[in-house]
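Novice: starting from these lines, generate the structure:
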Amino acid sequence: MTWLEIGNGWRNIYLLSCLVQMGALGCLFAAQGWFVKKSRLACFFTGVAATPLVQYLWTLLLALVWPQAPRMVYIGVLPALSALTLVVLALRSIRRIKELIAQGISFAKRCLRFDKPALIALCFAICIVLLVGPACVRFMSSMVSVGGGDAGEYMALGLHFCENRDLSVLLEKEETIGHFRGHSHFPSLELFMSYGLFHTDGPMGYPNDKAVFTGVGMLVFYAAAAYLALLLYFCREKKVCVLLGVLLFNLVPHLYESVASAPRDLWRIDALLVAVLVFAGITEAGSWKQYLGKLVLSFAVCFTVMSTHVVCFVVLPFIVVAWVLWRGLHTAVTQLRGAFKAMLRAAGIALSGAAGVLLAFAGNIWCFVKWGEMSPWRLMTTFTEAPWYDMYMDIEYKLDETTTHLNFFEDPGSILMSYATPIGTWGMRITVMVLLCVLAGLIVSRVRMRRRAGELMANAPADGPIGVIVTNRTPTTETLSLLGLCAMTVLMTLAPMSGMLDSPLYSFSGSFVKLPRYTLQWFMLANVMTCAALAALIDHWPGWISRVKRLNAPWLKTVPAWLCAFVCLLAMVKGTNQTGYTNTLYRYTRDVVESENILLDNSFQKRYGVLTDVAQQVPEDQKILITRVGYQYALRGRGYVLLTNPIVPVLNLPLEEVGPALAEMNAAMIATEPVFWDSRYFPLSTLHTYLQTLPEEQIVETEEMRLYLLDPSLVEAAQAAVAKQ
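Specialist: Got it, this is the predicted structure:
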């Protein structure tokens with residue numbers, strides 16, 4: 001019986017459950033007009049994008065208040081509540097059924113009505129979706145995204161929670177056994193993976209775990225939903241601009257790397273984009289009860305987003321700061337007075353969000369207070385005399401990245417990565433131009449309101465105190481407000497990349513630029529800024545042209561739309577051209593659909609088949625030493641990571657002491673990968689020298705794995721496992 005046969009049933013249940021939850025949250029957000037109020041469709045996609053975050057929060061809540069709840073409570077309550085929500089929404093709308101049908105028909109007609117530029121953009125967008133979509137779907141239900149790296153450790157921790165229901169294990173920072181490294185971050189992805197792992201009928205883990213791999217694969221679609229919601233909101237549903245954003249999504253550099261091997265990046269990106277959408281719909285106005293509710297909402301959103309990844313600590317605060325500045329800008333553009341007061345009230349909401357950030361960041365703070373380090377797995381400071389330690393610092397501690405300081409004004413090309421795709425450079429240029437236009441519009445609006453206030457005061461009677469309230473709410477000011485929010489969000493989230501946060505102790509700019517997966521959300525926001533600017537141009541260009549009589553030609557009014565269609569053409573050609581930009585999702589995924597090693601248990605067996613078969617022959621009282629934490633999921637967490645603080649001293653012993661130390665440790669074998677071992681610092685250790693003295697039959701190597709069999713009784717099992725491959 002294959003993984004396909006075992007896992008498909010629960011995988012399908014998981015998919016159905018997620019679809020019900022997405023539908024319910026999307027419809028609820030749309031019906032209530034939550035957050036991005038000017039676009040019901042954007043509200044719907046915001047609800048869809050928030051689905052995995054709700055699943056994580058639900059699992060966290062149960063882990064805190066009822067960890068031993070039946071598995072059906074963990075996986076059954078959310079879809080049941082979602083179905084109930086859909087029923088309630090349907091019953092509440094049943095009296096308006098004719099009106100809703102008419103609105104639906106009208107909405108469908110609007111969706112199907114395309115002018116020529118939008119039709120051209122639609123053709124290109126359909127092409128890129130057909131080219132990239134199957135590859136993204138194929139990643140779902142595969143184990144590619146957890147192959148060997150940190151994600152395997154997260155899944156193993158999630159597996160431990162599902163079996164033990166002990167949240168303290170996930171929150172443990174000072175790991176003294178050696179199974180895991182101990183993480184300073186909040187275990188949000190682990191709990192999200194736990195939610196998927198609970199969808200199984202037999203023993204949790206391989207081969208009954210297809211649902212969790214599907215959930216990890218779906219993160220790319222949740223992130224895409226959040227991205228689409230931003231496009232719809234900031235482009236005010238201009239079809240040609242939204243479709244351009246779909247094409248530019250393909251040009252986001254290093255996106256494939258995150259889809260294929262780093263689910264925590266997509267987990268973080270989805271959360272950050274949802275944060276932008278949520279804060280875009282929060283205002284500082286209202287009664288004290290409403291304001292209190294917004295404080296709670298800000299705290300909850302910031303805690304949730306911050307808990308997804310430690311990188312959010314230098315991104316999320318800038319999203320909130322951009323929102324505070326925008327609330328002041330919006331008030332200044334639309335009202336003569338009250339901008340400073342609006343910013344103060346917004347700052348209060350932001351401070352509530354800061355408390356949520358600090359709560360989710362508390363693990364890192366605890367580690368820093370205790371050890372002077374943000375990450376407990378970096379505490380190998382007692383081995384500074386070891387010959388391999390300098391290379392360890394360079395590779396694992398990422399010394400080059402964290403000590404390289406970049407200055408945006410000196411090296412903008414590297415920071416914007418214009419060599420990969422044009423969206424970084426052009427996104428920045430357009431952002432600056434838009435911000436200058438917004439500031440010019442602010443000045444014009446203020447001058448007009450002051451002039452109007454002066455006229456009213458001049459004609460007012462002088463027999464008592466008089467107050468004048470002047471507002472300027474027009475389509476132009478609304479456009480300026482939206483563009484201001486988008487521009488400030490893009491510029492503010494550039495801060496960690498630009499070098500302004502760098503210190504002698506740590507370089508954020510070097511980390512972000514040399515680890516480009518951290519910058520993905522910035523490129524998506526730059527895409528949105530580009531599309532929003534073109535949408536505003538399409539809106540206001542005809543009015544500008546009509547003021548110049550000599551230029552009042554019908555074809556001139558459609559120039560921005562045709563420009564947008566032309567950019568769609570460029571994005572399509574460059575994104576799929578063999579000699580075009582190398583960092584496109586399409587170019588990396590061309591061979592995915594044809595690869596037999598991507599899906600089902602093929603990839604798992606190819607990578608971990610020998611390891612798991614041999615591990616089954618190792619008694620429980622013997623240790624399996626591993627070099628990568630990603631092996632822990634395949635081993636169900638029974639491995640001992642060689643680079644954890646309790647185990648790493650064996651790398652630093654005199655040669656004559658290595659054998660006795662391994663015997664005292666009762667180690668049966670050491671599992672690694674040929675390239676991973678040989679290209680790193682392990683060959684510089686005395687452990688490597690000792691392992692080379694093992695008999696030839698005790699060193700078992702395949703294309704994927706190398707096993708050093710310290711226990712000779714495992715040789716026969718290893719040979720049989722290799723032969724089975």
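
Novice: spatially central residue in this protein, please.
Specialist: The chain has Ile269 as the residue nearest its centroid, 2.2 Å off, counting by C-alpha atoms, centre = their mean.

Novice: gap between it and Ala718?
Specialist: With distances taken as C-beta to C-beta, to the nearest Å, Ile269 is found 41 Å from Ala718. Placement of C-beta: from N, CA and C, glycine included.

Novice: check Ile415 too.
Specialist: For Ile415 relative to Ala718 (C-beta to C-beta), the value is 49 Å.

Novice: any weak-confidence spans in the protein?
Specialist: 1-7, 145, 147-148, 379-382, 419, 462-468, 548-552, 578-582, 599-600 (pLDDT under 70).

Novice: in it, which strand is the longest?
Specialist: Identified as the longest strand of the chain according to DSSP state E is strand 667-672.

Novice: where along the chain do the strands fall?
Specialist: Assigned by DSSP E, the chain shows strands spanning 623-626, 639-641, 667-672, 699-701, 706-709.

Novice: got those strands as TSV, with distance to Val77 and mean neighbour count columns?
Specialist: Below are these laid out as TSV (distance: least, C-beta to C-beta, whole Å; neighbours: other C-beta atoms under 10 Å):
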stretch	distance to Val77	mean neighbour count
strand 623-626	37	22
strand 639-641	34	23
strand 667-672	39	23
strand 699-701	47	17
strand 706-709	43	22
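
Novice: which of these sits closest to Gln725?
Specialist: strand 699-701 (11.0 Å; C-beta to C-beta).

Novice: which other helices and strands contact the closest one?
Specialist: For strand 699-701, the packing partners by 3 or more C-beta pairs under 8 Å, 6 or more residues apart in numbering; DSSP states H and E come out as strand 706-709, helix 715-724.

Novice: note down every partner strand of the shortest one and its orientation.
Specialist: Neighbouring strands of strand 706-709 in its sheet, by DSSP bridges, are strand 667-672 (antiparallel), strand 699-701 (antiparallel).

Novice: dump those to JSON lines, plus distance to Pro317.
Specialist: Formatted as JSON lines, these follow (distance: least, C-beta to C-beta, whole Å):
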{"stretch": "strand 667-672", "distance to Pro317": "40"}
{"stretch": "strand 699-701", "distance to Pro317": "48"}
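
Novice: about what we covered before: outside of the longest strand of the chain, which residues touch it?
Specialist: 611, 614, 618-619, 622-628, 631, 639-640, 642, 682, 691, 705-711, 714 (C-beta atoms under 8 Å, 6 or more residues apart in numbering).

Novice: one more pass at 7 Å, please.
Specialist: Residues from elsewhere that reach strand 667-672 (C-beta atoms under 7 Å, 6 or more residues apart in numbering): 611, 614, 618, 622-627, 631, 705-711, 714.

Novice: orientation of it relative to helix 715-724 in degrees?
Specialist: Interaxial angle of strand 667-672 relative to helix 715-724 (axes from the mean of the first three to the mean of the last three C-alpha atoms, to 10 degrees): 30 degrees.

Novice: export strand 667-672 to PDB, keeping only CA atoms.
Specialist: The C-alpha trace of strand 667-672 is given here as PDB (Å, rounded to 0.1, in the frame of the first residue of the first chain):
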ATOM      1  CA  ALA A 667      25.900   5.700  19.600                       C
ATOM      2  CA  ALA A 668      24.900   3.200  17.000                       C
ATOM      3  CA  MET A 669      25.400   5.300  13.900                       C
ATOM      4  CA  ILE A 670      26.000   8.800  12.500                       C
ATOM      5  CA  ALA A 671      23.600   9.900   9.700                       C
ATOM      6  CA  THR A 672      24.500  12.700   7.300                       C
END
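
Novice: picking up where we left off before, closest to Val324 out of the strands of the chain?
Specialist: Val324 lies closest to strand 639-641 among the strands of the chain, at 42.8 Å (C-beta to C-beta).

Novice: and the closest one, which strands flank it?
Specialist: Within its sheet, strand 639-641 is paired with strand 623-626 (parallel), according to DSSP bridges.

Novice: got a list of contacts for the strand it pairs with?
Specialist: 615, 618, 635, 638-642, 647, 665-671.

Novice: next one: stretch 370-385
Specialist: Outside stretch 370-385, the residues that touch it by C-beta under 7 Å, 6+ apart are 173-174, 181-182, 184, 364, 367-368, 389, 392, 397, 645, 648, 652.
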